[in-house]
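**Q** Fold the following.
(one chain, ligands or ions: 2)
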Amino acid sequence: MAKKTITDLGNLTGKRVLIRVDFNVPFDKKTGAVTNDRRIRAALPTIRALLDAGASVIAMSHLGRPEKATPEERKLLTMDRVAERFGELLGKPVKKSADGALQPGDVVLLENLRFDPREQKNDAEFAATLAALADAYVNDAFGTCHNDKDASMVAVPERMKASGKPQAVGLLVAKELEVIEALMTQPKRPVLAIMGGAKVSDKIAFINALLGKVDQLLIGGKMAYTFLKLQGFNVGGTKVADEELTAAQPLVHHVGGKIILPVDCLAAKSTDLSVTKPVSVGSEDIASDFEGVDIGPRTLELFASRIKSHATVIWNGPVGWFEQPAFSAGTKGVAKAMAESGAVTVVGGGETAEAVEQFGYDTKMTHVSTGGGAFLAYVEGKKFQSLAQIDDK
Ligand code: 3PG
Ligand code: MG
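**A** Ligands and ions are numbered 1, 2, ... in the order given. Model (predicted):
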(Lines give C-alpha, C1' and ligand atoms only; values in the text may rest on other atoms or scores of the structure.)
(Ligands and ions follow the chains in the order given, each with its own letter.)
Protein backbone atom coordinates (compact mmCIF):
# COMPACT_ATOMS: atom_id res chain seq x y z
CA MET A 1 0.00 0.00 0.00
CA ALA A 2 1.40 3.42 -0.98
CA LYS A 3 2.09 5.95 1.74
CA LYS A 4 0.61 9.42 1.89
CA THR A 5 2.81 11.77 -0.04
CA ILE A 6 3.28 15.52 -0.12
CA THR A 7 0.13 16.18 -2.19
CA ASP A 8 -1.87 14.68 0.70
CA LEU A 9 -0.63 17.30 3.17
CA GLY A 10 -3.44 19.76 2.41
CA ASN A 11 -2.99 23.46 1.70
CA LEU A 12 0.60 24.40 2.54
CA THR A 13 0.41 28.13 1.84
CA GLY A 14 2.18 29.92 4.67
CA LYS A 15 2.80 26.62 6.50
CA ARG A 16 6.12 25.44 7.94
CA VAL A 17 7.14 21.95 6.85
CA LEU A 18 9.73 19.94 8.77
CA ILE A 19 11.46 17.51 6.42
CA ARG A 20 13.85 14.75 7.47
CA VAL A 21 16.42 14.35 4.70
CA ASP A 22 19.48 12.11 4.57
CA PHE A 23 22.26 14.60 3.89
CA ASN A 24 24.79 12.22 5.42
CA VAL A 25 27.09 12.74 2.45
CA PRO A 26 30.73 11.75 1.93
CA PHE A 27 33.15 14.59 2.55
CA ASP A 28 36.87 15.27 2.43
CA LYS A 29 38.31 14.19 5.79
CA LYS A 30 40.76 17.12 5.79
CA THR A 31 38.74 20.05 4.48
CA GLY A 32 35.15 18.94 5.12
CA ALA A 33 34.24 19.69 1.48
CA VAL A 34 31.31 17.60 0.21
CA THR A 35 32.75 15.05 -2.22
CA ASN A 36 29.45 13.62 -3.47
CA ASP A 37 26.17 15.57 -3.35
CA ARG A 38 23.91 12.86 -4.76
CA ARG A 39 21.81 12.59 -1.61
CA ILE A 40 21.28 16.36 -1.55
CA ARG A 41 20.24 16.43 -5.21
CA ALA A 42 17.90 13.50 -4.62
CA ALA A 43 15.87 15.48 -2.06
CA LEU A 44 15.53 18.64 -4.17
CA PRO A 45 12.33 17.67 -6.08
CA THR A 46 10.42 17.29 -2.80
CA ILE A 47 11.82 20.49 -1.34
CA ARG A 48 11.05 22.45 -4.52
CA ALA A 49 7.51 21.05 -4.59
CA LEU A 50 6.95 22.14 -0.97
CA LEU A 51 8.26 25.63 -1.72
CA ASP A 52 6.11 25.84 -4.87
CA ALA A 53 3.11 24.99 -2.71
CA GLY A 54 3.76 28.11 -0.65
CA ALA A 55 5.47 26.52 2.36
CA SER A 56 8.70 27.33 4.16
CA VAL A 57 10.95 24.32 4.65
CA ILE A 58 12.92 23.29 7.71
CA ALA A 59 15.25 20.46 6.70
CA MET A 60 17.08 18.28 9.22
CA SER A 61 19.69 15.55 8.90
CA HIS A 62 22.54 13.81 10.64
CA LEU A 63 26.08 13.87 9.29
CA GLY A 64 28.54 11.12 10.19
CA ARG A 65 28.81 9.66 13.67
CA PRO A 66 29.75 12.51 16.04
CA GLU A 67 29.36 10.20 19.05
CA LYS A 68 32.40 8.28 17.83
CA ALA A 69 34.42 11.27 16.57
CA THR A 70 37.40 12.97 18.22
CA PRO A 71 36.86 16.69 19.01
CA GLU A 72 38.97 17.48 15.95
CA GLU A 73 36.90 15.23 13.67
CA ARG A 74 33.70 16.57 15.17
CA LYS A 75 34.47 20.07 13.86
CA LEU A 76 34.01 18.73 10.34
CA LEU A 77 30.60 17.32 11.21
CA THR A 78 28.75 20.63 11.39
CA MET A 79 26.25 21.14 8.57
CA ASP A 80 28.03 24.29 7.30
CA ARG A 81 29.47 22.80 4.12
CA VAL A 82 26.37 20.74 3.46
CA ALA A 83 24.17 23.83 3.83
CA GLU A 84 26.45 25.69 1.44
CA ARG A 85 26.15 22.97 -1.22
CA PHE A 86 22.43 22.62 -0.58
CA GLY A 87 22.01 26.36 -1.20
CA GLU A 88 24.05 26.22 -4.40
CA LEU A 89 21.97 23.35 -5.76
CA LEU A 90 18.70 24.95 -4.69
CA GLY A 91 19.72 28.34 -6.07
CA LYS A 92 18.80 30.24 -2.91
CA PRO A 93 20.35 30.91 0.50
CA VAL A 94 19.83 28.34 3.25
CA LYS A 95 19.36 29.63 6.79
CA LYS A 96 20.87 27.74 9.71
CA SER A 97 18.16 28.46 12.26
CA ALA A 98 14.39 28.17 12.38
CA ASP A 99 14.09 30.82 15.11
CA GLY A 100 11.76 33.71 14.36
CA ALA A 101 9.33 34.15 11.48
CA LEU A 102 9.80 32.27 8.25
CA GLN A 103 8.42 33.54 4.96
CA PRO A 104 6.98 31.24 2.29
CA GLY A 105 9.95 30.10 0.22
CA ASP A 106 12.42 30.27 3.10
CA VAL A 107 14.68 27.24 3.59
CA VAL A 108 16.44 26.25 6.81
CA LEU A 109 18.87 23.40 7.42
CA LEU A 110 19.17 22.59 11.12
CA GLU A 111 22.51 21.68 12.73
CA ASN A 112 23.64 18.02 12.74
CA LEU A 113 20.92 16.18 14.67
CA ARG A 114 23.46 13.81 16.23
CA PHE A 115 25.21 16.65 18.02
CA ASP A 116 22.42 16.04 20.52
CA PRO A 117 22.80 12.51 21.92
CA ARG A 118 19.03 12.37 22.42
CA GLU A 119 18.56 12.05 18.63
CA GLN A 120 19.73 8.44 18.59
CA LYS A 121 17.77 7.55 21.71
CA ASN A 122 14.42 8.37 20.12
CA ASP A 123 14.04 10.84 23.00
CA ALA A 124 10.56 12.26 23.51
CA GLU A 125 11.63 15.69 24.81
CA PHE A 126 14.07 16.20 21.99
CA ALA A 127 11.35 15.15 19.57
CA ALA A 128 8.93 17.62 21.12
CA THR A 129 11.26 20.57 20.47
CA LEU A 130 11.66 19.56 16.84
CA ALA A 131 7.96 18.83 16.40
CA ALA A 132 7.09 22.29 17.70
CA LEU A 133 9.01 23.89 14.84
CA ALA A 134 6.50 23.12 12.11
CA ASP A 135 2.94 22.44 10.97
CA ALA A 136 3.62 19.30 8.91
CA TYR A 137 6.22 16.52 8.64
CA VAL A 138 7.83 14.87 5.63
CA ASN A 139 10.17 11.87 5.63
CA ASP A 140 12.38 12.01 2.54
CA ALA A 141 15.40 10.34 4.18
CA PHE A 142 15.33 6.90 2.56
CA GLY A 143 18.96 6.21 3.54
CA THR A 144 18.04 6.53 7.22
CA CYS A 145 14.62 4.81 7.19
CA HIS A 146 16.02 1.65 8.82
CA ASN A 147 17.15 3.61 11.90
CA ASP A 148 14.24 3.07 14.25
CA LYS A 149 15.92 4.72 17.26
CA ASP A 150 16.41 8.12 15.60
CA ALA A 151 14.05 10.70 17.10
CA SER A 152 13.83 12.63 13.84
CA MET A 153 12.64 9.47 12.07
CA VAL A 154 10.23 8.06 14.65
CA ALA A 155 9.49 10.13 17.78
CA VAL A 156 9.11 13.42 15.89
CA PRO A 157 6.41 12.26 13.46
CA GLU A 158 4.77 10.36 16.34
CA ARG A 159 4.60 13.55 18.35
CA MET A 160 3.32 15.60 15.43
CA LYS A 161 0.67 13.03 14.63
CA ALA A 162 -0.51 13.18 18.24
CA SER A 163 -1.11 16.91 17.83
CA GLY A 164 -2.94 16.45 14.54
CA LYS A 165 -0.18 17.69 12.24
CA PRO A 166 -0.21 15.96 8.84
CA GLN A 167 2.67 13.81 7.67
CA ALA A 168 3.81 12.17 4.48
CA VAL A 169 6.74 10.59 2.70
CA GLY A 170 8.61 12.71 0.17
CA LEU A 171 8.99 11.98 -3.53
CA LEU A 172 12.37 10.29 -3.06
CA VAL A 173 11.13 7.85 -0.42
CA ALA A 174 7.99 7.14 -2.48
CA LYS A 175 10.12 6.35 -5.54
CA GLU A 176 12.61 4.17 -3.61
CA LEU A 177 9.77 2.17 -2.04
CA GLU A 178 7.97 1.74 -5.35
CA VAL A 179 11.08 0.54 -7.22
CA ILE A 180 12.42 -1.79 -4.52
CA GLU A 181 8.96 -3.17 -3.74
CA ALA A 182 8.38 -4.01 -7.43
CA LEU A 183 11.84 -5.52 -7.59
CA MET A 184 11.13 -7.87 -4.71
CA THR A 185 7.52 -8.80 -5.52
CA GLN A 186 7.15 -8.80 -9.30
CA PRO A 187 10.51 -8.51 -11.04
CA LYS A 188 10.92 -9.16 -14.74
CA ARG A 189 12.50 -12.62 -14.93
CA PRO A 190 15.11 -13.96 -15.04
CA VAL A 191 16.65 -11.98 -12.18
CA LEU A 192 20.38 -11.65 -11.60
CA ALA A 193 22.09 -10.22 -8.53
CA ILE A 194 25.71 -9.14 -8.29
CA MET A 195 27.31 -8.86 -4.88
CA GLY A 196 30.64 -7.47 -3.86
CA GLY A 197 32.21 -5.56 -1.02
CA ALA A 198 34.30 -6.71 1.87
CA LYS A 199 32.35 -8.80 4.32
CA VAL A 200 30.04 -11.76 3.88
CA SER A 201 29.20 -11.56 7.58
CA ASP A 202 27.67 -8.03 7.19
CA LYS A 203 25.50 -9.10 4.30
CA ILE A 204 24.47 -12.61 5.18
CA ALA A 205 20.78 -11.77 5.70
CA PHE A 206 20.79 -9.83 2.43
CA ILE A 207 22.40 -12.70 0.51
CA ASN A 208 19.90 -15.16 1.96
CA ALA A 209 17.00 -12.88 1.02
CA LEU A 210 18.38 -12.54 -2.50
CA LEU A 211 18.92 -16.26 -2.93
CA GLY A 212 15.19 -16.72 -2.35
CA LYS A 213 14.34 -14.25 -5.12
CA VAL A 214 16.97 -14.38 -7.84
CA ASP A 215 17.79 -16.89 -10.53
CA GLN A 216 21.52 -16.35 -10.25
CA LEU A 217 23.95 -14.57 -7.92
CA LEU A 218 27.41 -13.46 -9.05
CA ILE A 219 29.91 -12.78 -6.27
CA GLY A 220 32.95 -10.55 -6.67
CA GLY A 221 34.87 -8.16 -4.46
CA LYS A 222 36.74 -9.04 -1.32
CA MET A 223 34.00 -11.41 -0.18
CA ALA A 224 34.62 -13.65 -3.22
CA TYR A 225 37.97 -14.72 -1.72
CA THR A 226 36.16 -16.09 1.32
CA PHE A 227 34.15 -18.40 -0.93
CA LEU A 228 37.16 -19.21 -3.11
CA LYS A 229 39.20 -20.14 -0.06
CA LEU A 230 36.42 -22.44 1.14
CA GLN A 231 36.57 -24.02 -2.32
CA GLY A 232 40.24 -24.80 -1.75
CA PHE A 233 41.73 -21.97 -3.82
CA ASN A 234 44.98 -20.62 -2.38
CA VAL A 235 44.24 -16.90 -1.84
CA GLY A 236 47.86 -16.11 -0.89
CA GLY A 237 48.20 -12.87 1.08
CA THR A 238 44.53 -11.93 0.70
CA LYS A 239 43.19 -11.44 4.21
CA VAL A 240 40.19 -13.63 4.97
CA ALA A 241 39.05 -13.63 8.60
CA ASP A 242 37.91 -16.87 10.23
CA GLU A 243 34.50 -15.39 11.03
CA GLU A 244 34.05 -14.69 7.32
CA LEU A 245 34.69 -18.34 6.52
CA THR A 246 32.18 -19.34 9.17
CA ALA A 247 29.58 -16.92 7.76
CA ALA A 248 30.03 -18.13 4.18
CA GLN A 249 30.16 -21.87 4.94
CA PRO A 250 26.37 -22.45 4.89
CA LEU A 251 26.16 -20.87 1.42
CA VAL A 252 28.92 -22.87 -0.21
CA HIS A 253 26.58 -25.58 -1.49
CA HIS A 254 25.05 -22.93 -3.81
CA VAL A 255 28.38 -22.42 -5.58
CA GLY A 256 28.11 -23.73 -9.13
CA GLY A 257 24.31 -23.63 -8.79
CA LYS A 258 22.79 -20.25 -8.02
CA ILE A 259 26.10 -18.72 -6.95
CA ILE A 260 28.83 -18.06 -9.51
CA LEU A 261 32.34 -17.12 -8.32
CA PRO A 262 35.17 -15.41 -10.22
CA VAL A 263 37.23 -17.62 -12.55
CA ASP A 264 40.21 -15.29 -12.46
CA CYS A 265 41.40 -12.28 -10.53
CA LEU A 266 43.95 -9.52 -10.49
CA ALA A 267 46.47 -9.82 -7.65
CA ALA A 268 48.78 -7.05 -6.45
CA LYS A 269 51.94 -7.26 -4.40
CA SER A 270 51.04 -6.24 -0.86
CA THR A 271 54.18 -4.15 -0.32
CA ASP A 272 54.10 -2.53 -3.77
CA LEU A 273 50.64 -2.26 -5.30
CA SER A 274 52.05 -1.24 -8.68
CA VAL A 275 53.23 -4.83 -9.17
CA THR A 276 50.23 -6.84 -10.39
CA LYS A 277 49.64 -10.31 -11.72
CA PRO A 278 46.59 -11.99 -13.30
CA VAL A 279 45.74 -15.28 -11.61
CA SER A 280 43.48 -18.05 -12.96
CA VAL A 281 41.34 -19.69 -10.31
CA GLY A 282 41.75 -23.46 -10.32
CA SER A 283 45.06 -23.70 -12.10
CA GLU A 284 47.16 -21.15 -10.18
CA ASP A 285 47.62 -19.84 -6.61
CA ILE A 286 47.86 -16.25 -5.45
CA ALA A 287 51.44 -15.92 -4.15
CA SER A 288 51.80 -15.39 -0.41
CA ASP A 289 53.09 -11.81 -0.86
CA PHE A 290 50.21 -10.92 -3.22
CA GLU A 291 46.53 -10.22 -2.59
CA GLY A 292 43.43 -10.23 -4.75
CA VAL A 293 42.30 -6.71 -5.73
CA ASP A 294 39.85 -7.07 -8.63
CA ILE A 295 38.04 -9.64 -10.74
CA GLY A 296 40.03 -10.68 -13.81
CA PRO A 297 39.15 -10.13 -17.50
CA ARG A 298 37.64 -13.59 -18.03
CA THR A 299 35.41 -13.10 -15.00
CA LEU A 300 34.31 -9.71 -16.29
CA GLU A 301 33.43 -11.34 -19.61
CA LEU A 302 31.48 -14.04 -17.78
CA PHE A 303 29.66 -11.50 -15.59
CA ALA A 304 28.88 -9.27 -18.61
CA SER A 305 27.36 -12.20 -20.52
CA ARG A 306 25.17 -13.10 -17.52
CA ILE A 307 24.07 -9.47 -17.23
CA LYS A 308 23.06 -9.55 -20.91
CA SER A 309 20.99 -12.70 -20.48
CA HIS A 310 18.88 -11.50 -17.53
CA ALA A 311 15.85 -9.18 -17.54
CA THR A 312 16.53 -7.66 -14.10
CA VAL A 313 19.91 -6.98 -12.52
CA ILE A 314 20.41 -5.93 -8.88
CA TRP A 315 23.88 -4.84 -7.83
CA ASN A 316 25.33 -4.17 -4.39
CA GLY A 317 29.02 -3.93 -3.59
CA PRO A 318 31.98 -3.14 -5.85
CA VAL A 319 33.71 -6.19 -7.35
CA GLY A 320 37.20 -4.79 -6.81
CA TRP A 321 39.18 -2.08 -5.05
CA PHE A 322 37.79 0.52 -7.51
CA GLU A 323 39.11 3.58 -5.65
CA GLN A 324 42.50 2.59 -7.08
CA PRO A 325 42.26 3.29 -10.83
CA ALA A 326 44.52 0.31 -11.60
CA PHE A 327 42.05 -2.02 -9.86
CA SER A 328 38.81 -0.48 -11.14
CA ALA A 329 38.35 -2.38 -14.43
CA GLY A 330 36.02 -4.99 -12.93
CA THR A 331 33.70 -2.56 -11.18
CA LYS A 332 33.68 -0.19 -14.14
CA GLY A 333 33.04 -3.10 -16.51
CA VAL A 334 30.08 -4.37 -14.46
CA ALA A 335 28.60 -0.84 -14.43
CA LYS A 336 29.06 -0.53 -18.19
CA ALA A 337 27.57 -3.95 -18.92
CA MET A 338 24.54 -3.10 -16.78
CA ALA A 339 24.11 0.33 -18.36
CA GLU A 340 24.16 -1.18 -21.85
CA SER A 341 22.08 -4.29 -21.07
CA GLY A 342 18.53 -3.04 -21.63
CA ALA A 343 17.61 -4.90 -18.41
CA VAL A 344 15.87 -3.32 -15.43
CA THR A 345 18.93 -2.28 -13.42
CA VAL A 346 18.89 -1.39 -9.73
CA VAL A 347 21.98 -0.34 -7.81
CA GLY A 348 22.10 -0.40 -4.01
CA GLY A 349 23.45 2.78 -2.48
CA GLY A 350 26.61 3.58 -0.59
CA GLU A 351 29.87 3.00 -2.37
CA THR A 352 28.30 1.06 -5.26
CA ALA A 353 26.24 4.13 -6.14
CA GLU A 354 29.34 6.30 -5.85
CA ALA A 355 31.25 3.98 -8.18
CA VAL A 356 28.48 3.98 -10.77
CA GLU A 357 28.34 7.76 -10.63
CA GLN A 358 32.11 8.14 -10.78
CA PHE A 359 32.17 6.07 -13.98
CA GLY A 360 29.31 8.10 -15.45
CA TYR A 361 26.71 5.33 -15.67
CA ASP A 362 24.27 6.50 -12.99
CA THR A 363 21.82 8.10 -15.42
CA LYS A 364 21.78 4.92 -17.51
CA MET A 365 20.51 2.72 -14.66
CA THR A 366 16.81 2.21 -13.95
CA HIS A 367 17.37 3.18 -10.32
CA VAL A 368 20.33 4.04 -8.12
CA SER A 369 19.21 3.87 -4.51
CA THR A 370 20.28 6.52 -1.99
CA GLY A 371 20.15 3.85 0.70
CA GLY A 372 23.14 1.78 1.77
CA GLY A 373 22.10 -0.06 4.94
CA ALA A 374 18.48 0.92 4.29
CA PHE A 375 18.52 -0.70 0.84
CA LEU A 376 19.91 -3.93 2.29
CA ALA A 377 17.42 -3.93 5.15
CA TYR A 378 14.45 -3.27 2.87
CA VAL A 379 15.41 -6.09 0.52
CA GLU A 380 15.80 -8.35 3.58
CA GLY A 381 12.13 -7.65 4.27
CA LYS A 382 12.64 -5.62 7.47
CA LYS A 383 9.72 -3.43 8.46
CA PHE A 384 10.70 0.17 9.14
CA GLN A 385 9.17 1.90 12.16
CA SER A 386 9.84 5.28 10.52
CA LEU A 387 7.51 4.34 7.67
CA ALA A 388 4.91 2.50 9.74
CA GLN A 389 4.48 5.91 11.36
CA ILE A 390 3.15 7.47 8.18
CA ASP A 391 -0.41 6.69 7.08
CA ASP A 392 -1.22 4.84 3.88
CA LYS A 393 -2.95 6.83 1.20
C1 3PG B 1 23.77 5.84 5.93
O2 3PG B 1 24.58 6.48 5.28
O3 3PG B 1 23.78 4.60 6.02
C4 3PG B 1 22.66 6.60 6.61
O5 3PG B 1 22.81 7.97 6.45
C6 3PG B 1 22.55 6.22 8.07
O7 3PG B 1 23.72 6.52 8.74
P8 3PG B 1 24.20 5.61 9.98
O9 3PG B 1 24.64 4.30 9.37
O10 3PG B 1 25.33 6.35 10.63
O11 3PG B 1 23.03 5.42 10.86
MG1 MG C 1 24.45 2.66 8.11
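**Q** Point me to the residue of the protein nearest ligand 1.
**A** Proximity of the chain to ligand 1 (Cβ to the nearest ligand atom) peaks at residue 24, 3.4 Å away. C-beta here means a position set from N, CA and C on the backbone, and glycine is covered the same way.
**Q** roughly how far apart are that residue and residue 77?
**A** To residue 77, residue 24 is 10 Å away according to Cβ to Cβ, to the nearest Å.
**Q** who touches both of these two?
**A** Common contacts of residue 24 and residue 77 (Cβ atoms under 8 Å, 6 or more residues apart in numbering): 63-64.
**Q** ok, back up a step: so who does the residue of the chain closest to ligand 1 touch?
**A** If you count contacts by Cβ under 8 Å, 6+ apart, then residue 24 has 39, 61-64, 143-144 around it.
**Q** Residue 336: which of these is nearest?
**A** Each of the contacts of residue 24 was checked against residue 336 using Cβ to Cβ; the closest is residue 39, at 24.0 Å.
**Q** Following the helix or strand encompassing that closest one in sequence, what is the next regular element?
**A** If you go by DSSP states H and E, residue 39 is part of helix 38-52. Helices and strands here follow DSSP H and E; after helix 38-52, the next one along the chain is strand 56-60.
**Q** Buried residues in the very next helix or strand once past that next one, which are they?
**A** Per DSSP H and E, strand 56-60 leads on to helix 71-75 as the next helix or strand towards the C-terminus. For helix 71-75, the neighbour count (16 or more other Cβ atoms under 10 Å) marks residue 74 as buried.
**Q** ok, residue 249 - how many residues close by?
**A** Residue 249 has 13 neighbouring residues, counting by other Cβ atoms under 10 Å.
**Q** Quick check: residue 15 touching residue 55?
**A** Yes - using Cβ atoms under 8 Å as the test, residue 15 is close enough to residue 55 to be in contact (5.0 Å).
**Q** So for these two, which sits in the more crowded spot?
**A** A count of neighbours by other Cβ under 10 Å puts residue 55 above the other of residue 15 and residue 55, at 29 against 21.
**Q** so what pLDDT did the more buried one get?
**A** Looking at residue 55, its pLDDT is 98.
**Q** Find the residue closest to it in space, skipping its chain neighbours.
**A** residue 12 (4.1 Å; Cβ to Cβ, 6 or more residues apart in numbering).
**Q** can you pull the contacts of that neighbour?
**A** 50, 53-55, 136.
**Q** May I ask which helix or strand encompasses residue 240?
**A** With DSSP H and E as criterion, residue 240 is part of no helix or strand.
**Q** from here on, count from 7
**A** Happy to do that; since the first residue is 7 now, the last one works out to residue 246.
**Q** Surely it and residue 231 touch.
**A** Yes - applying Cβ under 8 Å as the test, residue 246 and residue 231 come out as touching, 5.5 Å apart.
**Q** More neighbours: the two, which one.
**A** residue 231 (25 against 19).
**Q** Just say helix, strand or coil for the nearest residue to residue 332 once chain neighbours are set aside.
**A** Distance criterion Cβ to Cβ, 6+ apart; nearest residue to residue 332, sequence neighbours excluded, is residue 282 at 6.9 Å. Classification of residue 282 using DSSP: H, G, I helix; E, B strand; the rest coil returns strand.
**Q** correct me, but residue 282 touches residue 271?
**A** No - the pair residue 282 / residue 271 is not scored as a contact, 10.4 Å apart, by Cβ under 8 Å.
**Q** anything in contact with each of those two?
**A** residue 299.
**Q** Those two: who's more crowded?
**A** Under the criterion of other Cβ under 10 Å, the comparison of residue 282 against residue 271 puts residue 271 first, with 32 against 16.
**Q** in the helix or strand hosting the more buried one, what's buried?
**A** For residue 271, the host element (DSSP H and E) is strand 270-275. By neighbour count with 16+ other Cβ under 10 Å, strand 270-275 contains the buried residues 270-274.
**Q** Within range of ligand 1, give me the residues from the stretch 107-256 of the chain.
**A** Taking Cβ under 6 Å from any ligand atom as the contact definition, the stretch 107-256 of the chain meets ligand 1 at 149-150, 153.
**Q** can I get those residues in a markdown table with secondary structure and pLDDT?
**A** Below are these laid out as a markdown table (DSSP: H, G, I helix; E, B strand; the rest coil; pLDDT from 0 to 100):
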| residue | secondary structure | pLDDT |
| --- | --- | --- |
| 149 | helix | 97 |
| 150 | helix | 98 |
| 153 | coil | 97 |
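**Q** Go through these and name the one nearest residue 305.
**A** For those, the nearest to residue 305 is residue 149 (30.4 Å; Cβ to Cβ).
**Q** Which residues are in contact with the closest residue to that closest one other than its chain neighbours?
**A** Excluding the flanking residues, the one nearest residue 149 by Cβ to Cβ, 6+ apart is residue 28, at 3.7 Å. By Cβ under 8 Å, 6+ apart, residue 28 lies in contact with 45, 49, 67, 146-150, 376.
**Q** and if we set it to 10 Å?
**A** Contacts for residue 28 were tallied using Cβ atoms under 10 Å, 6 or more residues apart in numbering; they are 45-46, 48-49, 67-69, 145-151, 153, 159, 178-179, 355, 376-378, 380.
**Q** I'd like to know how many residues surround the residue lying closest to residue 277 once chain neighbours are set aside.
**A** In this structure, residue 277 finds its nearest non-sequential neighbour in residue 295, 6.9 Å apart by Cβ to Cβ, 6+ apart. Around residue 295 there are 13 other residues, counting by other Cβ under 10 Å.
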